[in-house]
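[1] Below are the sequence and a predicted model for it; my questions follow.
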There are 4 protein chains.
Amino acid sequence: MEQLKQDVYQANMLLPEYHLITFTWGNVSGIDREKGLVVIKPSGVEYSEMTAGDMVVVDLDGKVVEGNLNPSSDTATHLEIYRNFPNVGGVVHTHSRWATLWAQSGRGIAPYGTTHGDYFADTIPCTRDMTPEEIRSEYEKNTGKVIVETFQGKEPDHVPAVLVKNHGPFTWGTDPHNAVHNAVVLEEIAMMAVYTEQLMGDRIKPMPRELLEKHFFRKHGPNAYYGQKK
Amino acid sequence: MEQLKQDVYQANMLLPEYHLITFTWGNVSGIDREKGLVVIKPSGVEYSEMTAGDMVVVDLDGKVVEGNLNPSSDTATHLEIYRNFPNVGGVVHTHSRWATLWAQSGRGIAPYGTTHGDYFADTIPCTRDMTPEEIRSEYEKNTGKVIVETFQGKEPDHVPAVLVKNHGPFTWGTDPHNAVHNAVVLEEIAMMAVYTEQLMGDRIKPMPRELLEKHFFRKHGPNAYYGQKK
Amino acid sequence: MEQLKQDVYQANMLLPEYHLITFTWGNVSGIDREKGLVVIKPSGVEYSEMTAGDMVVVDLDGKVVEGNLNPSSDTATHLEIYRNFPNVGGVVHTHSRWATLWAQSGRGIAPYGTTHGDYFADTIPCTRDMTPEEIRSEYEKNTGKVIVETFQGKEPDHVPAVLVKNHGPFTWGTDPHNAVHNAVVLEEIAMMAVYTEQLMGDRIKPMPRELLEKHFFRKHGPNAYYGQKK
Amino acid sequence: MEQLKQDVYQANMLLPEYHLITFTWGNVSGIDREKGLVVIKPSGVEYSEMTAGDMVVVDLDGKVVEGNLNPSSDTATHLEIYRNFPNVGGVVHTHSRWATLWAQSGRGIAPYGTTHGDYFADTIPCTRDMTPEEIRSEYEKNTGKVIVETFQGKEPDHVPAVLVKNHGPFTWGTDPHNAVHNAVVLEEIAMMAVYTEQLMGDRIKPMPRELLEKHFFRKHGPNAYYGQKK
């Protein structure tokens, strides 16, 4: 668990480095699937004062098993993602500007270019409105539930990001660093999608499906040929 | 008063650090409620040359009681806020780009997401046009008066910011640092609100009231559960 | 002249510091009115390699009287400004993004807020199209002539900036540093004006005349009360 | 070849310095025309870990003749440009935000100002949609072919940039550094063109042809007079 705490701490520290957060508005977690334990950032602690030792360990029911601080207030959302998306090793939440403003508009981000296709094989969806009941009780857990509901019939490993309506993005990945990587990519494509739509107005169309899949599978899966052989 | 002068000085120095100001276009003040004295930045002094000793102390009528420099030309506006909003401990004025352009448009910023709701429980209002008479005499004091007028029937502690029409934002808080914190948040939500509206056009709607209040009271008031126990 | 060369050199070095230029796309000059000599940046020299000794001295007819390098290709434009606006002590030209895109659109920047009014007492005008003849011969001098023509009946000391159509901004001031200061302000208000118009669409209106003049004369002229007594 | 490897390495390192790339999303190559050999960045290697020795040497058919790493996945596109544009000495590909969002919209960038004209003598074109067949086999080579097709009847030395539809920009130049220089310029004009169109709406018009050519030939060709004599 010490290694995972280090990984989660360092992944959290990447959020200010990549300009994805203001103040403490973000959190990264990672999971040890064998032990069924999740390491997550404490709630509301300044990045400049945070240490790896401040990371909180919780089980998949949200019970704190190690750590002196309260875990992130979004912990229940992270856990719902881990419980339902079995290949996810790390989860990130931010209020990064461009992804968040898409979330505020309640719209998913259609694929307009290969930057999108290199990481996401389809539209990045936006969740539905939560009901007053879902907001009033177990709000953070229910946030996770609407994320999972949004991916019914979809493949979360091929679209490792979601926009929570009127809130902001969650991204995930094979580990905490990969989840942060996807948060950076999401911010780039969110910015570019705004202006792609502005330039085209009503004539806007998503990119051709063939091109999207070419780019996604050039980098992912058994036939990938981007980068160096591992 | 020496501690308050240090606090106000340091809060002023945060304005360039958070990229909220160009040149000397901003000012922070703080109040000692027991003594009825306000500490404020001097007018038109470069940030790189300013020291804590340059801070000016005025009473609530604007009379300088300590300091060799002229107080900020916006002092009378700050004082009007302190006189009418009894829980305010610090006030900030900037010409930060995104908040200022909303002020220039004369429109308030509706709540579109939880970033807004985490700090502001309602629309951030914009003041009315000032009359030629209000502009001609005691302009800065009258600026304060239209701010106070704008909050008639509103709760300034729940919406610690205002846009002065064709001018720029004023924010406040429990102390000078908290007021700067709110100025940073205002700039973030002002930017995101512009594009949220762009993405939705005529279909734009504020966020659901339940979600706004959930987020505000998750962080503020007796039932807050965000962050660590103090 | 050595002091003026230092001043002009340092003012030029502020352009990259204030993010007003890319590569060598800008130039600052200053004038010694008594001697009738102008100091200006050499053409196409990298900022990182430039020294005060590289500054070129020309007379008001553009004849090089000191210096080993070619003066800025825009020298003739600067000279036309000095010859016609008698109070100008420094001139700046940049391709700063926000001011330049207004120039590209061929539109002047109307006053929408007090940030504008603190420095410019009216709309910042955009020049007319130059004729093919004006472009073909003595292009740079003719650029200066259309600037001067644009200020017929206007007061260049109260509006120390112009947008040259399809080109970019020129600003001026009492000395080279003041001209750079105005170039920074212009960039700020150019950015904010774009979005002020976006937020208001067809309902856009300039700020009230009273407020504009209140702010301009609060900082400029015999009744100014902003800043410290000199 | 060692000098060219150094040049290509250093030109690649300029991409993060000029904020043209995120992660490893870009590549620069250079050619030795006499030897018919191209030096290019390896695929997917972090900039912070890359050395000049990691550069890969390929012949014009794409065969690796030196180097231990896979060349950039975009190598075949670069080679197609070198084979067909005989004066090109360096090629750059990035996903820089503003140029890429124009590529995503499928539109070329019309000349709206002299910043454009100083480097590009005409509209920067966008390629057509690739067919499913072109995407499925030899995708990267076919990307080069549609670039070349786009310049049928055009002069690539006068417009050293192209937008690949739904993908991003390629720029070229006399050598690797010059190609990076053009990539920086492209990003500037791409940003300004978006807002120039926003400010003018349906009334938008390209700049006058005379002005465009004046600026291009003031800096390029036998009658250039910008800069210092070489």
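    On my side now, so go ahead.
[2] drop to CA atoms for contacts and neighbour counts, all remaining ones
    Fine.
[3] Show me the shaky parts of chain A.
    The model of chain A has pLDDT under 70 over residues A:230.
[4] again, 90 this time
    A:44, A:221-223, A:225-230 (pLDDT under 90).
[5] How about the residues of it by chain D?
    Within chain A, the residues that sit near chain D (Cα under 8 Å from any Cα of the partner chain) are A:112-115, A:188, A:191-193, A:195-197, A:199-200, A:204, A:207, A:210-211, A:214, A:225-228.
[6] Can I get the buried part of those residues as one PyMOL selection?
    Only the buried members of those enter the following PyMOL selection, criterion being 16 or more other Cα atoms under 10 Å in any protein chain shown:
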select buried, chain A and resi 112+113+114+115+188+191+192+193+195+196+197+199+207+211+214+226+227
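[7] Mind checking which of the residues of chain A next to chain D are in helices?
    If you go by DSSP state H, the residues of chain A next to chain D have A:114-115, A:188, A:191-193, A:195-197, A:199-200, A:210-211, A:214 in helices.
[8] ok, A:T115 touching D:K165?
    No - with contacts counted by Cα atoms under 8 Å, A:T115 stays clear of D:K165, the gap being 11.9 Å.
[9] Would you point out the most distant pair within the ones in helices among the residues of chain A next to chain D?
    Maximum pairwise distance among those (Cα to Cα): 25.0 Å, between A:L199 and A:K214.
[10] At the geometric centre of chain A, which residue do we find?
    A centroid search over chain A (Cα atoms, centre = their mean) returns A:T171, at 1.1 Å, as the residue closest to the centre.
[11] Assign a three-state SS to that one, would you?
    Three-state assignment for A:T171 (DSSP: H, G, I helix; E, B strand; the rest coil): strand.
[12] Surely it and A:V88 touch.
    No - A:T171 lies out of contact with A:V88 (Cα under 8 Å); the separation is 9.9 Å.
[13] Chain A against chain B: which residues are in contact?
    Residues of chain A lying close to chain B (Cα under 8 Å from any Cα) are A:42-45, A:69-70, A:72-73, A:95, A:97-98, A:100-102, A:104-105, A:132, A:135-136, A:166-168, A:194.
[14] Now the buried members of those.
    A:42-45, A:69-70, A:72-73, A:95, A:97-98, A:100-102, A:104-105, A:135, A:166-168, A:194.
[15] Tell me which of those fall in strands.
    A:G168 (DSSP state E).
[16] Break down chain A into its helices, ranges please.
    Counting by DSSP H, the helices of chain A are A:2-17, A:75-84, A:97-105, A:114-117, A:132-136, A:139-150, A:176-200, A:209-219.
[17] Where does chain A get nearest to chain C, which residue?
    A:Q198 (12.2 Å; Cα to the nearest Cα).
[18] what's the burial count for that residue?
    A:Q198 is flanked by 17 other residues according to other Cα atoms under 10 Å in any protein chain shown.
[19] And it, how far from A:T100?
    18 Å (Cα to Cα, to the nearest Å).
[20] again with A:A190
    A:A190 is 9 Å from A:T100, by Cα to Cα.
[21] shouldn't A:A190 be in contact with A:R107?
    No - assessed by Cα under 8 Å, A:A190 is found out of contact with A:R107, at 11.0 Å.
[22] So which of those two has more stuff around it?
    Higher neighbour count among A:A190 and A:R107: A:A190, with 25 against 21, using other Cα under 10 Å.
[23] so what's that one up against?
    By Cα atoms under 8 Å, 6 or more residues apart in numbering or on different chains, the contact list for A:A190 reads A:W98, A:A99, A:W102, A:I109.
[24] Dump those residues to JSON lines, plus distance to C:T22.
    Shown next, in JSON lines, are those (distance: Cα to Cα, whole Å):
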{"residue": "A:W98", "distance to C:T22": "25"}
{"residue": "A:A99", "distance to C:T22": "29"}
{"residue": "A:W102", "distance to C:T22": "31"}
{"residue": "A:I109", "distance to C:T22": "32"}
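[25] how about the residues you listed, which pair is most distant?
    Within those (distances taken as Cα to Cα), the two that end up farthest apart are A:W98 and A:I109, at 10.9 Å.
[26] Quick one: neighbours of A:A179, just the number.
    Using other Cα under 10 Å, A:A179 is surrounded by 27 other residues.
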